[in-house]
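Peer 1: using only what follows, build the 3D model:
(one chain, ligands or ions: 1)
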Amino acid sequence: MTSAKDGAQVTRVTIVGVGPGDSGFLTLKGKQAIEEADLVAGFETVLNVIRPFAKKAELCSMAYRNQEEVLDYAVGKAKEGKSLVVCAWGDLNVSAKELLDRVRRRVDHVELVPGISSVQIALSRSGISLEDTVFITLHRRDGAGSALEELVHYLMDGGRNVILLPRPYDLMPAGIAEGLIKEGVPGDRGMTVYQRLTHDDEQSWSGSISECAAITTEFSDLSIMVFDRPAST
Ligand SMILES: C[S@@+](CC[C@H](N)C(=O)[O-])C[C@H]1O[C@@H](n2cnc3c(N)ncnc32)[C@H](O)[C@@H]1O
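Peer 2: Numbers count the residues shown, from 1 in each chain. Presented below is the predicted three-dimensional model:
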C-alpha cells in the first residue's frame, strides 16, 4: 500500500507473526490484517495457518529458492497501491530477522504485528519463566559457531534454563547433544525436546543429554530443545 508523505509516495507493508501452527494462536490483530489484505505472502507452511482467514487476498507462496522473486512481485503490487501482508512463523522478533530484513530492504515503512512464539509455548509446556532462561538460536546467517559456544558457556554456568532452536537439518538434537558431551557438558543434565508444538501431532521427549545423543530416529524440523537449570545443591 502507498501513502503520500511530504509529496512523496511511501510504500507500507504489514508483517504478521502467525503463531506456532495452531491458528487458535493467531492474534485478533493479525487475523484482521490478513482478512483485509489484497495480497498475503509467506512460506507455504505459514500460509496453511492463515488460509481460512485470507478471504479476498491473492496468496503468494514462497520457498527458500524463490523468496526474493515472490517478495519482488508482492512488493511491486504494494507499490501499485495494493495492501500487502507478509506472514512469518511464530513471533517476528524471535529468530525471524532474515525475512524481516528482506522486506525492510524493499519498502519505506513496515508495520509489525507480533505473534505468539513457539518459544512461549515451550516455556508454558515446561513451566519455566523467561527470566530464568537463556534463549539461543542456531538459525543464524553468520553461522552457528558462536551460538554453539554460547550454548556450552551457559550450560556449564548452570545458572539458568536454556532454550535452543536447532537448525534443520544439519544441527539437530542428537548431534547437538553429542557435541555438548564432547565439549565437557555433564551428560546427566536434564532436557526436553518439543516437536511440532500446538500441532495435532505434537510430541515431547525428556531425558538426559547423554540419552538424547543416543537417539537415532529423526526429529521434526519444528523442534525446540529445553535444557533444565540444574537443581541447586
Ligand atoms: C526460523 S525459526 C522461527 C521461529 C519463530 N519466529 C517463532 O517465534 O516460533 C524456526 C524454528 O523455530 C522452531 N519452531 C517453530 N515452530 C515450532 C513448533 N510449532 N514446534 C517446535 N518448534 C518450533 C524450530 O526450532 C524451527 O526450526
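
Peer 1: all helices of this structure, in order?
Peer 2: 28-36, 44-50, 67-79, 97-104, 118-126, 145-157, 173-182, 209-213 (DSSP state H).

Peer 1: between those helices, which one is closest to the ligand.
Peer 2: Nearest to the ligand, of all the helices of the chain, is helix 118-126, at 3.4 Å by CB to the nearest ligand atom. Every C-beta, even on glycine, is put in place using the N, C-alpha and C of the backbone.

Peer 1: near the ligand, anything from that closest one?
Peer 2: Yes. For helix 118-126 and the ligand, the contact criterion (CB under 6 Å from any ligand atom) is met by 118, 119.

Peer 1: and for the residue of the chain at minimum distance from the ligand, the neighbour number?
Peer 2: Relative to the ligand, the nearest point of the chain is residue 90 (2.0 Å; CB to the nearest ligand atom). Applying other CB atoms under 10 Å, we find 26 other residues in the vicinity of residue 90.

Peer 1: just put the helices of the chain in a markdown table and tack on mean pLDDT and mean neighbour count.
Peer 2: Formatted as a markdown table, the helices of the chain follow (pLDDT from 0 to 100; neighbours: other CB atoms under 10 Å):
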| stretch | mean pLDDT | mean neighbour count |
| --- | --- | --- |
| helix 28-36 | 98 | 17 |
| helix 44-50 | 97 | 18 |
| helix 67-79 | 97 | 17 |
| helix 97-104 | 96 | 16 |
| helix 118-126 | 98 | 20 |
| helix 145-157 | 95 | 15 |
| helix 173-182 | 97 | 18 |
| helix 209-213 | 98 | 20 |
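
Peer 1: wait, which of those is closest to residue 135?
Peer 2: Closest to residue 135 of the helices of the chain is helix 118-126 (CB to CB; 6.3 Å).

Peer 1: run through who's touching the closest one.
Peer 2: Helix 118-126 is contacted from outside by 20-21, 25, 89-91, 94, 129-130, 133, 135, 161, 163, 165, 192, 194, 197-198, 204, 222, 224, 226, 228, using CB atoms under 8 Å, 6 or more residues apart in numbering.

Peer 1: hmm, 6 Å instead?
Peer 2: 20, 90, 94, 163, 194, 197, 198, 224, 226 (CB atoms under 6 Å, 6 or more residues apart in numbering).

Peer 1: now the third one. Nearest residue, chain neighbours left out?
Peer 2: To tie it back to what came earlier, the one meant is residue 94. residue 117 (4.3 Å; CB to CB, 6 or more residues apart in numbering).

Peer 1: thought the one you found was touching residue 96?
Peer 2: No. Counting by CB atoms under 6 Å, residue 117 sits too far from residue 96 to count as a contact (9.1 Å).

Peer 1: compare those two and say which is more crowded by neighbours.
Peer 2: residue 117 (24 against 19).

Peer 1: now the more buried one. Its backbone dihedrals?
Peer 2: In terms of degrees, to the nearest 10, the main-chain angles of residue 117 are phi -80, psi 150.
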